[in-house]
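Engineer: Prediction below, plus the sequence it came from.
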Amino acid sequence: MWLRVLFSEKSVQVLKELSESFGPAGYEREPAQIVKRYAQTFCDEISTDKLGSVIFKKKGSADTPKVLLAGHIDEVGFVISGIDKDTGFLTFNPLGGWFDQVLLSQRVIVRTRKGDVLGVIAAKPPHLLPEEEANKVVKKESMFIDVGATNREEAEKLGVRIGDAAVPWSPFTMLRDGKIAMGKGFDDRTGTFVAMEAIRRLKEEGIGHPNTVYGVATVQEEVGLRGAATSAYLVEPDAAIVCEVDIGGDVPGIKPHEAPSKMGKGPSILTFDATMIPNQLFKNFVIETAENMRIPYQLSIISRGGTDAGRIHITKGGCPSIVISVPTRHIHSHVGLFSFEDAMNAVRLVDEVVKRLDSATVKSFTSF
C-alpha cells in the first residue's frame with residue numbers, strides 16, 4: 001500500500017487512536033494516555049505538567065540548546081449546560097471555536113459518569129419556522145443535543161449531567177488508496193503526531209542532533225493556549241517548533257491571500273499570525289533548510305487566530321519560535337482532510353531543522 005512508504009502501520013494506528021479519542025479542551029486525559037504510551041517507546045524521559053500536558057524528552061549529543069516540539073491534543077468540542085425538564089434535550093456551550101453552520105444534524109458523543117452516550121445536534125424543524133426565520137442561519141444558542149430521552153429524568157438515568165463534555169462522532173478513514181486522511185480532531189492531533197514521529201525517527205534511525213529535544217502534547221490550546229504556557233515554563237526552551245495544522249485554502253470561495261496553503265503541496269511555514277510574529281532569522285533558517293533538502297513547502301499567513309507559539313515565544317525571557325503545519329481542509333468541523341505526504345514532509349522538515357540546531361546556531365537567532 002502506498003501509505004506504508006511514508007508511515008508504518010503502527011504509526012498510522014496511533015494517529016487513528018488519537019483522532020478518534022475523546023479529548024476536548026479541559027478533558028484531554030484519553031489522548032494524553034495515548035501519547036504517553038507511544039512516546040515511552042522512543043523517549044528517554046516522560047513527565048507531565050500540572051495542567052495535563054505530556055512532556056517527553058529525547059537526549060542528543062548536548063544538553064543544550066533545548067528544542068521544544070509542541071502540538072496540542074485538545075479538540076474543539078462542547079460542554080453540557082443544561083437538561084430540559086420536559087424533553088430531556090441537552091443545551092450546550094462550545095469548547096473552542098465553532099461555525100454555527102457546520103453543527104446541525106451532526107452526531108456527537110457525550111461522555112458521562114456511566115459511559116458514552118450518542119446524540120445528535122438538532123433544532124426546531126424548518127417546516128415549523130416562519131419564512132423569514134427559515135432563511136437565516138440557526139445559531140448555536142437555538143440548538144440542542146438529542147440523546148433519545150423524553151424528559152430530564154431519562155437523560156439523567158443515562159448518566160448525563162451539567163458539565164459533561166461532548167465531541168463529534170467521526171470515524172477515522174483513509175481515502176485515495178491511503179493518500180488522504182479523513183477524520184476529526186486533526187487540529188491538532190496531526191501536529192502532535194508530526195512531533196512524535198519526528199522524535200521517533202531521531203531515535204529509531206539513529207539520527208544525531210546537537211541538542212536535547214522536548215516533545216510536548218499540550219492541553220487547552222483551543223481555549224487560550226493554556227497548556228503551552230505551563231509546559232514551556234517547565235521546559236524553558238531555547239528554540240521552539242510548533243507542529244500544527246494550517247487552513248487548507250484549496251476550497252471554493254477562498255482567495256489565495258486569505259489562506260495560501262493547499263493540501264498536497266507540502267507543509268506550510270507560518271510567517272505571521274495574530275498571536276506571534278516569528279523570529280525572522282529562525283524563519284529564514286527553516287526556509288533555507290527546506291530548500292537545501294528539497295523538501296516542498298508553502299509560506300502561510302493567518303490574519304486571525306494563533307497557535308501555541310503565541311504563548312511559547314514569550315515564555316520567560318522569550319524563545320525563538322516557528323510554526324510548521326500540515327495544510328488541512330475543513331478544520332473546526334466534524335470532518336477534516338489532510339495529505340499523508342504533507343505530514344511526512346513536515347516530519348522530514350522538523351528533523352532536518354533539529355539536526356542543525358546547535359548552540360551557536362540558536363544563539364545567532366537573537367544576536368545583534
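Structural biologist: Now that the structure is in, tell me what you want to look at. Model, not experiment: these values are computed from the prediction.
Engineer: Average the pLDDT values over the lengthiest helix in the chain and round to the nearest integer.
Structural biologist: Secondary structure of the chain per DSSP state H: the longest helix is helix 186-204. Across helix 186-204, the average pLDDT comes to 97.
Engineer: Next, the residues that contact the very next helix or strand once past that helix from outside, please.
Structural biologist: Remark: after helix 186-204, the chain's next helix or strand is strand 212-218, criterion DSSP states H and E. With contact meaning C-beta atoms under 8 Å, 6 or more residues apart in numbering, strand 212-218 is reached by 31-32, 35, 39, 43, 53-60, 62-74, 192, 195-196, 199, 202, 227-228, 231-232, 235, 237, 308, 354. C-beta coordinates here come from the backbone N, C-alpha and C atoms, glycine included.
Engineer: try 6 Å this time
Structural biologist: 35, 53-60, 63, 66-70, 72-73, 192, 195, 199, 227-228, 231, 235, 308 (C-beta atoms under 6 Å, 6 or more residues apart in numbering).
Engineer: again, but for stretch 43-57
Structural biologist: The contact list for stretch 43-57 (C-beta under 6 Å, 6+ apart) reads 28, 32, 35-36, 39-40, 58-59, 214-219, 227, 230-231, 234.
Engineer: still on that earlier bit, mind checking which of the contacts of strand 212-218 are in strands?
Structural biologist: Residues of the contacts of strand 212-218 located in strands (DSSP state E): 54-59, 66-70, 72.
Engineer: Now for those residues: which two are most distant?
Structural biologist: Largest separation among the ones in strands among the contacts of strand 212-218 by C-beta to C-beta: Lys59 and His72, giving 24.1 Å.
Engineer: now Val347: how far from Lys355?
Structural biologist: 13 Å (C-beta to C-beta, to the nearest Å).
Engineer: Between the two, which has more neighbouring residues?
Structural biologist: Val347 (26 against 17; other C-beta atoms under 10 Å).
Engineer: re earlier: of Lys59 and His72, which one has the most company?
Structural biologist: His72 (31 against 14).
Engineer: Val102 versus that one, what's the distance?
Structural biologist: Distance from His72 to Val102, by C-beta to C-beta: 20 Å.
Engineer: Thr48 too?
Structural biologist: Distance of Thr48 to Val102, given as C-beta to C-beta: 33 Å.
Engineer: With Asp187 instead?
Structural biologist: 13 Å.
Engineer: So for those two, which sits in the more crowded spot?
Structural biologist: When Asp187 and Val102 are compared for neighbours, Asp187 comes out ahead with 30 against 14, by other C-beta under 10 Å.
Engineer: Touching, the more buried one and Val245? I think so.
Structural biologist: Yes. Proximity of Asp187 to Val245 meets the contact threshold set by C-beta atoms under 6 Å, at 4.8 Å.
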